[in-house]
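Engineer: Generate coordinates for the sequence data below:
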Amino acid sequence: MNNIPQFHQRLTSDEIDLFELFHAIWKQKKWVIGCTILAGLLGVGYAFLAPRVYQVSSVLRPAAINELDALNRSEVYKLPPGDALAKVGAQLESYHSRLGFFRANPALFEDLKRPGQSLEQSFEAFNSNAINLVMPDSKKSDAVNNAYLRLEMQYPEGIDGAAILNGFVDYAIAQERNQIGADLKVIVNNRLNELKGRIDAARNNYEKGKASKIARLLEADQVQRARLQDELTALRLQMKMERTNRLAELAEAISIARSVGIKNPTTPLSMGGDALNGSNQVMRTVVTNQKAPLYFMGTEVLEAERAALQQRTNDDFTNSRVAEIAKELRMLDTNREVEVLNSRKNEDMFLSDVEPLWAEEARLRSLNIDMSALKLVTVDRQAQASPNPIKPRVGIIIALSVVAGLMLGILMVLIRHFVQVRRAIGPFSVFEDRQLPHQ
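Structural biologist: Presented below is the predicted three-dimensional model:
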């Protein structure tokens, strides 16, 4: 009875005898081999029956500078090769672009449709799992010099993945080219509208300046005409007053001449030389700076002048300034400068500072960039169909299944072994519990 506790103690020890475990596994090696073969067969079945998944890829790189030279030389739209590659990348990653290609090419995606799914649902499954865009890390120093885009696509067997990927790349490039063409057209139209607005503003300024100049010229003519009319009126009044004064002088002189008895023109010397009338040999010479009184003209001359002045109805001929004023008024009837301004046929020729605007407008209208020949990116590598699938990986699956089967078999054997040991320990534990009080 003393050996029983020792045996129980040996069986219940916490230490695990590896040799004993290996011996237990070896005794039940059929279970291990069976689980391994079964798991291997399952792995082989899955590896050869699972749907084949293939992968294709396409690499895009920046276009050469000369490919974008026509667009950049337009001075309207600047597009460096790096920016063009980034725009195409954004188009490749765009949901709208992918959906548009999906809808435009239903024949390529016919095998992707599932019963009971709409077109958008089938596309969602394809878009979320099939296409992946890989870009260089922008944090690396050589990311700018080695810029590229790699588009990868995974597809099941029976789908022409290379045609889909190449078609999608061409579609995205065409979409971006159309977008750039539309942007260029909008920019050119905006520039033309801006130039038109500036030319219209210059034309409006010219028309306002012209109207203002004509108004100033006509106003100056009116002022000058009014001044001449005032001067003519004043001059006629002056001549009328002078004629009135002259008539008064003549009346006074006639009265004096009658009282003195001077009928014909004479001089003071002649009137005082009656004493020398008998001598015919005397010559009289009078030098004086004094004007002879008017009445010495005699009544006949003075009355004749007075009659003429009384019959006069217009004094304009007596002053040369009247004729000059009439000429100036006649000159003011037509302003030749205003007439020339109003008779201009092509007034745009007289606009100021618009020659550069016209030149820029003509240059923009003559832009003829062939957008169909615009090469945004270089397709460095087109997608090529691969004969070998990437999924499933037959070798790895079989190896993993064999390993899993081996581990499962060992686990089952160990479980059986520990269960048997537990059952063997059970009777000795009961016996020991009953004998302990008698010791």
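Engineer: Residue 76: what secondary structure?
Structural biologist: Assigned with DSSP: H, G, I helix; E, B strand; the rest coil, residue 76 falls in the coil class.
Engineer: Do you know the pLDDT at it?
Structural biologist: Residue 76 is assigned 88 on the pLDDT scale.
Engineer: Might you report the residue contacts of it?
Structural biologist: If a contact means C-beta atoms under 8 Å, 6 or more residues apart in numbering, then residue 76 has 184, 187-188, 191, 364, 367 as its contacts. Any C-beta I mention is one placed from the backbone N, CA and C, and that applies to glycine too.
Engineer: I only care about these that end up buried; give me the PyMOL line for that.
Structural biologist: Buried residues within these, by 16 or more other C-beta atoms under 10 Å, are selected in PyMOL with:
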select buried, resi 184+188+191+364
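Engineer: So which of the contacts of residue 76 are in helices?
Structural biologist: 184, 187-188, 191, 364 (DSSP state H).
Engineer: Give the single residue among those residues positioned nearest to residue 173.
Structural biologist: residue 184 (16.1 Å; C-beta to C-beta).
Engineer: which non-adjacent residue is nearest that closest one?
Structural biologist: Take residue 184 and drop its neighbours on the chain: the residue closest to it by C-beta to C-beta, 6 or more residues apart in numbering is residue 77, 5.0 Å away.
Engineer: circling back: okay if I get the contacts of residue 76 as CSV plus distance to residue 425 and pLDDT?
Structural biologist: Listed next are the contacts of residue 76 as CSV, based on distance: C-beta to C-beta, whole Å; pLDDT from 0 to 100:
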residue, distance to residue 425, pLDDT
184, 89, 91
187, 91, 93
188, 95, 93
191, 97, 93
364, 100, 90
367, 97, 86
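Engineer: Need the single longest strand in this protein, by residues.
Structural biologist: strand 53-62 (DSSP state E).
Engineer: tell me the mean pLDDT for that one?
Structural biologist: 88.
Engineer: List the contacts of the residue most central in space within the chain.
Structural biologist: Of all residues in the chain, the one closest to the mean position by C-alpha atoms, centre = their mean is residue 187, 4.5 Å from it. Counting by C-beta under 8 Å, 6+ apart, residue 187 touches 76-77.
Engineer: Show me where the stretch 251-400 of the chain has its strands.
Structural biologist: For the stretch 251-400 of the chain, the strands defined by DSSP state E, counting those that start in this stretch occupy 377-381.
Engineer: how about low-confidence regions in the protein?
Structural biologist: 1-17, 114-119, 129, 137-145, 271-290, 426-439 (pLDDT under 70).
Engineer: Would you state the helices of it in chain order?
Structural biologist: Under the criterion DSSP H, helices of the chain are mapped to 3-11, 18-27, 29-49, 69-72, 81-93, 95-104, 119-129, 161-260, 268-272, 298-311, 320-332, 336-342, 355-365, 394-435.
Engineer: Excluding chain neighbours, what is closest to residue 347?
Structural biologist: Using C-beta to C-beta, 6+ apart, the nearest residue to residue 347 is residue 206, at 6.7 Å.
Engineer: And that neighbour, how far from residue 55?
Structural biologist: Shown here: residue 206 relative to residue 55, a distance of 69 Å by C-beta to C-beta, to the nearest Å.
Engineer: Please apply the same query to residue 169.
Structural biologist: Distance, residue 169 to residue 55, by C-beta to C-beta: 15 Å.
Engineer: Looking at the two, which one has more neighbours?
Structural biologist: residue 169 (23 against 18; other C-beta atoms under 10 Å).
Engineer: pretty sure the more buried one is in contact with residue 150, am I right?
Structural biologist: No - judged on C-beta atoms under 8 Å, residue 169 makes no contact with residue 150 at a distance of 11.1 Å.
Engineer: what is in contact with those two at once?
Structural biologist: 58, 60.
Engineer: re the thing from before, now the angle between helix 81-93 and the longest strand of the chain, please.
Structural biologist: For strand 53-62 against helix 81-93, the angle by axes from the mean of the first three to the mean of the last three C-alpha atoms, to 10 degrees is 150 degrees.
Engineer: now for strand 53-62, which elements pack on it?
Structural biologist: helix 81-93, strand 149-156, helix 161-260, strand 377-381 (3 or more C-beta pairs under 8 Å, 6 or more residues apart in numbering; DSSP states H and E).
Engineer: Pull out the buried positions in the second one.
Structural biologist: Think strand 149-156. Of the residues in strand 149-156, 149, 151-155 count as buried by neighbour count, 16+ other C-beta under 10 Å.
Engineer: same question, stretch 36-44
Structural biologist: For stretch 36-44, by 16+ other C-beta under 10 Å, it's 36, 39-40, 43.
Engineer: swap in stretch 317-324?
Structural biologist: Buried residues in stretch 317-324, counting neighbours by 16+ other C-beta under 10 Å, are found at residue 322.
Engineer: So what's the gap between it and the chain middle?
Structural biologist: Computed by C-alpha atoms, centre = their mean, to the nearest Å, the chain-centroid distance of stretch 317-324 equals 71 Å.
Engineer: Looking at the buried residues of stretch 36-44, which is nearest residue 399?
Structural biologist: For the buried residues of stretch 36-44, the nearest to residue 399 is residue 43 (8.1 Å; C-beta to C-beta).
Engineer: beta partners for residue 381?
Structural biologist: For residue 381, the beta-bridge partners are residue 59 (DSSP bridges).
Engineer: I figured it was touching residue 59, is that so?
Structural biologist: Yes - with contact defined as C-beta under 8 Å, residue 381 reaches residue 59; the gap is 4.2 Å.
Engineer: Pick out whichever of the two has more residues nearby.
Structural biologist: Neighbour totals were compared for residue 381 and residue 59, and residue 59 leads with 17 against 12 (other C-beta under 10 Å).
Engineer: wait, that one sits on residue 150?
Structural biologist: Yes - at 5.1 Å, residue 59 and residue 150 qualify as touching, with contact defined as C-beta under 8 Å.
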